[in-house]
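Participant: Pasting the sequence and the predicted model now:
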Amino acid sequence: MKKITPGTLRRLFAARGWTLATAESCTGGLLGDLITGEPGSSEFFLGGVIVYSDRSKRELLGVGKNILNRDGAVSSRAALAMARGVRKLFTGSVGAAVTGIAGPGGGRPEKPVGLVYIAVAGPGGETVEKHTFSGTRREIKRRAADRTIALLAAAVPGEQR
């Protein structure tokens, strides 16, 4: 798969007049850093939140206690609720969220280190992807951020990548 750059994402979103807001847990701001590292990112990037705790996911993004208690913060339902919540918080066209276990600790057999959920909510609908990335903490964070950018680009209808 061809790597999608933040510059490509900027071009795709700007061409449609779309705006983006992000909610990050396991990436800790890396996604926002990659996006804002691109000149002209202010054309489409509204901002983001780092919601590392369950409390911040609930209070800032409206992720329900039932989701966090039943499925956990690292789940498809939590990721989608985060994407919806950040989209609403910033009144953006598109909301993206990433939540996972970057390690080296914190994993369990049912939720291993490297497990990441990425969600996008926007005009074209909603999608959630589940990944299990390998590598160091830094590598897992980078792979998750890069995949989020690719998923955001894929959410733009009619684009050939």
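Facilitator: Sure, I can see it. Residues are numbered from 1 along each chain as shown.
Participant: and the end-to-end length of stretch 67-80?
Facilitator: 11 Å (Cα to Cα, to the nearest Å).
Participant: and it, which residues are buried?
Facilitator: Using 16 or more other Cβ atoms under 10 Å as the test for burial, stretch 67-80 gives 67, 68, 71, 73, 74, 75, 76, 77, 78, 79, 80. From N, CA and C alone the C-beta is placed, and that goes for glycine too.
Participant: Name the next helix or strand downstream of the helix-or-strand element of the chain with minimal mean pLDDT, please.
Facilitator: None of the helices or strands of the chain scores lower by mean pLDDT, DSSP states H and E than helix 6-16, at a mean of 94. The helix or strand immediately downstream of helix 6-16 is strand 20-24, counting by DSSP states H and E.
Participant: Residues contacting that following strand, please?
Facilitator: 13, 30-32, 35, 44-51, 57, 61, 82-83, 85-87, 89-90, 92-98, 148, 152 (Cβ atoms under 8 Å, 6 or more residues apart in numbering).
Participant: Taking these, please make a PyMOL selection of just the buried ones.
Facilitator: PyMOL command restricting the contacts of strand 20-24 to the buried ones, with burial defined by 16+ other Cβ under 10 Å:
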select buried, resi 13+30+31+32+35+44+45+46+48+49+50+51+57+61+82+83+85+86+87+89+90+92+93+94+95+96+97+98+148+152
